[in-house]
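# Need coordinates for the below:
(one chain, ligands or ions: 1)
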Amino acid sequence: MKKTIFLAAAIAFGASMNAGAANWFAPQDPFPLYGNSYYVGTGGISAVLITSPAGHILIDGGPTGASDQIAEHVRRLGFKVEDIRYILNGHEHFDHAGGIAALQKLSGATVLGSAPSVAVLRSGLADKRDPQYPNLEAMTPAANTRSVRNGEVVKLGPLAVTAHFTPGHTMGATSWTWQSSEGGRTMNMVYGDSLTAVVADGRSFSRNPLYPNARADIERSIAAVEALDCDVLVSSHPEASGLWEKKSKQATLGNAAFVDPEGCRKYAAKARAMLAKTLAAEAAEAAKAAEAPSAYLLDDTEVRDVHARALNRDYQVFIALPESYRSSDRRYPVLFVTDAAYGFPVTRSIAQRLAKHAGLEEAIVVGLSYAKGDSAVFSRRRDYTPSVPRTQAYVSDMPGRAVAFGEAETYGGFIADDVFPLIASHYRADMRRKIFVGHSYGSLLGLQLLLSRPETFEHYILGSPSLWFDRGVMFDREKTYAKRHEDMPASVFFGIGGRETLAAGKTRSRKEEDADMVADLREFDAALKAHRYRGLATQLEVFADEDHASVFPLVLTHGLRAYLKQAR
Ligand SMILES: [Zn+2]
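Numbering: from 1, shown residues only. Model prediction:
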């Protein structure tokens, strides 16, 4: 586990900034940097000790598990870990902060960092907004933490260390500056935190919605580090500021080997080059993504989930708003369309076109989807049919599920009890002008509503109803209705294709394959008319040369002309 994390993290943290990133736990003897400042980190991760007779300040705690190495380095230099009063954090990644909790415990020091850094140190949990999340390992939560302000000076006896927020690599990244003197010369010391634009796979540095300012932050931070008074720079990854090359000259030059007034500018230039590389790669990626084809979306449409309480099933409704909807405050008649997969886009287009070019009143279109998880055939057989067929046997098209029929009455209740309130409460719908639109089985559903609760809709547009279904069960239901009712408050537009007649050479019956759907429809309409229901008006149109598959747009067009007003 440790090894895997080390390898992954070494790639993420070190290798990207500097070839030959060292092992985070590589042994390294502690050594003086300048005056009262010492390097106490490992061979791969920096930690700096600033000493004074009033106590010491330690910057960073190395990776989780390196705290013993660091404590031992402090002791070998002749200092006491217990004299460390403050532990400052560069940034809240586990390779720099993982050892802080243990070092805090050993020393009793106060842990200081920026607010985002301290939040992570205190919880031990990585920040989800971090560019390198989720590659970040959890840390032992640190006790006795306090956040500092940007520019705050941490004082301890003669020591004064200034916090410079340099976010971008993380939100909490902080660089620290102070002065150290020896032999009468005073140097501006800089602990330069990571300025690398590194992201976890699958994340974008420049387009991270959780940290949208990452790019702006790092650009500002690079400029800030570039402008620091900088004589001796130690970067949080030591090799990133050439510490080992400088160290190799320490034997001959003394601590002057670490003095390089150009150090911060070089460090910034390196970070800027890496940022440019990251941004170029991300821009190329984005350009590639932009070339990929996208789905076509219908303007002014919405999709809403709706649970059918009585059926205990989930459906969706698709809503198309008329063109003038957003710029007006009026209410619109509503078309409720079954078989929405086909019916919704067709009805939306035809209704809009008739409004725009034929002066017909605009309407809201509501598409009724099939049940979630069901095939179209399975869902419509069950939801749109009024009964279980007595003679004909059907095969289920859904593996492991028995074919179902005959739930139209309950489904009609779902429309009235669940869909109507949803539409009425979310849209400026004129619920006194609801138009049902169905075709084939969808029209069977319409007829079931007409013969059980006709007032559900004010108007019904019914194309090619499957009146042959269950040996003509709807004819029986109409007779039953007639025995009990004298009124039927609705208007019905029947439409059918002229070719939906009996196939040549067949004898007419009320079976699907021997049906004369045109004749059936004329008979049904005649039966309704013969009963002279109060409040009922029907009309029937046969569209010559159209068949069951082609006739719907015409039925719809003529039905809408019948029930929508001429607006101009
Ligand atoms: Zn880092």
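# Can I get the host helix or strand of residue 357 as CSV, trimmed to CA atoms?
Assigned by DSSP states H and E, residue 357 belongs to helix 340-358. Extracted in CSV, the C-alpha atoms of helix 340-358 (Å, rounded to 0.1, in the frame of the first residue of the first chain):
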residue,chain,number,x,y,z
ALA,A,340,-44.3,10.3,-26.2
ALA,A,341,-41.2,8.7,-27.7
TYR,A,342,-42.8,9.3,-31.1
GLY,A,343,-45.7,11.5,-30.2
PHE,A,344,-44.0,14.2,-28.3
PRO,A,345,-41.5,15.6,-30.9
VAL,A,346,-44.0,15.2,-33.7
THR,A,347,-46.8,17.0,-31.8
ARG,A,348,-44.4,19.7,-30.6
SER,A,349,-43.2,20.4,-34.2
ILE,A,350,-46.7,20.4,-35.7
ALA,A,351,-48.3,22.5,-33.0
GLN,A,352,-45.5,25.1,-33.3
ARG,A,353,-45.8,25.2,-37.1
LEU,A,354,-49.5,25.5,-37.1
ALA,A,355,-49.2,28.4,-34.6
LYS,A,356,-46.5,30.1,-36.5
HIS,A,357,-47.7,29.7,-40.1
ALA,A,358,-51.4,29.0,-39.9
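# List the contacts of the closest residue to residue 332 other than its chain neighbours.
Of all residues not flanking residue 332 in the chain, residue 364 sits nearest, at 4.8 Å (Cβ to Cβ, 6 or more residues apart in numbering). To be clear about C-beta, it is placed using only N, CA and C from the backbone, and glycine gets the same treatment. Counting by Cβ atoms under 8 Å, 6 or more residues apart in numbering, residue 364 touches 319, 320, 321, 322, 325, 332, 333, 334, 335, 423, 427, 429.
# And residue 400, how far from the ion?
Separation of residue 400 from the ion (Cβ to the ion, to the nearest Å) stands at 52 Å.
# who wins for most neighbours among the contacts of residue 364?
Within those, most neighbours by other Cβ atoms under 10 Å means residue 335, with 30 neighbours.
# Can you pick out the ones from the contacts of residue 364 that are in strands?
Those of these mapping onto strands are 319, 320, 332, 333, 334, 335, 429, per DSSP state E.
# any chance of the residues you listed in TSV, with pLDDT and distance to residue 111 too?
Below are the ones in strands among the contacts of residue 364 laid out as TSV (pLDDT from 0 to 100; distance: Cβ to Cβ, whole Å):
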residue	pLDDT	distance to residue 111
319	98	55
320	98	58
332	98	63
333	98	67
334	98	63
335	98	65
429	98	60
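# who in this structure is up against the ion?
For the chain, the residues in contact with the ion (Cβ under 5 Å from the ion) are 93, 194.
# domains for the chain, by residue range?
2-291, 301-563 (automatic domain parsing).
# any idea which of those domains scores lowest on pLDDT?
Between the domains of the chain, the lowest average pLDDT goes to domain 2-291, which shows a mean of 93.
# what's the spacing between the residue nearest the centre of the chain and residue 203?
Geometric centre of the chain, nearest residue: residue 209, 10.3 Å, by Cα atoms, centre = their mean. Applying Cβ to Cβ, to the nearest Å, the value for residue 209 to residue 203 is 10 Å.
# Give the burial count for residue 565, as a bare number.
Counted with other Cβ under 10 Å, residue 565 comes out at 10.
# hmm, I was thinking of residue 535
Neighbours around residue 535, by other Cβ under 10 Å: 12.
# On the three-state scheme, it is what?
Look at residue 535: counting by DSSP: H, G, I helix; E, B strand; the rest coil, its state is strand.
# and the closest residue to the ion within the chain, what is it in contact with?
With Cβ to the ion, the shortest gap between the chain and the ion falls at residue 93, namely 3.5 Å. Each residue near residue 93 by Cβ under 8 Å, 6+ apart is listed here: 13, 132, 136, 170, 194.
# Spatially, which two of these are the most separated?
By the measure Cβ to Cβ, 136 and 194 form the most distant pair in the contacts of residue 93, at 13.3 Å.
# who has more neighbours, those two?
Neighbour count, other Cβ under 10 Å: between residue 136 and residue 194, residue 194 has more, with 27 against 23.
# Excluding covalently adjacent residues, which one is nearest to the more buried one?
Sequence neighbours aside, residue 169 is the residue nearest to residue 194 in space, at 4.2 Å (criterion: Cβ to Cβ, 6+ apart).
# sorry, back to before: just list whatever residues bridge to the residue nearest to residue 332.
residue 334 (DSSP bridges).
# Endpoint to endpoint, stretch 109-121 covers what distance?
Using Cα to Cα, to the nearest Å, one end of stretch 109-121 lies 14 Å from the other.
# how about the helices of the stretch 351-500 of the chain, start to end?
Here the stretch 351-500 of the chain has its helices, by DSSP state H, counting those that start in this stretch, at 376-384, 408-414, 420-426, 441-450, 469-484.
# Point out the other helices and strands that the fourth one packs with.
Spelled out, that is helix 441-450. Contacts defined by 3 or more Cβ pairs under 8 Å, 6 or more residues apart in numbering; DSSP states H and E place helix 441-450 against helix 376-384, helix 408-414, strand 429-439, strand 459-463, helix 469-484, strand 487-497.
# Helix 469-484 and that helix, what's the angle between them?
If you take axes from the mean of the first three to the mean of the last three Cα atoms, to 10 degrees, helix 441-450 sits at 20 degrees to helix 469-484.
# What are the boundaries of the strands in the stretch 201-350 of the chain?
For the stretch 201-350 of the chain, strands defined by DSSP state E, counting those that start in this stretch occupy the ranges 232-235, 301-308, 313-320, 332-337.
# most neighbours per residue, which of these?
Of all these, strand 232-235 has the most neighbours on average by mean count of other Cβ atoms under 10 Å, namely a mean of 27.
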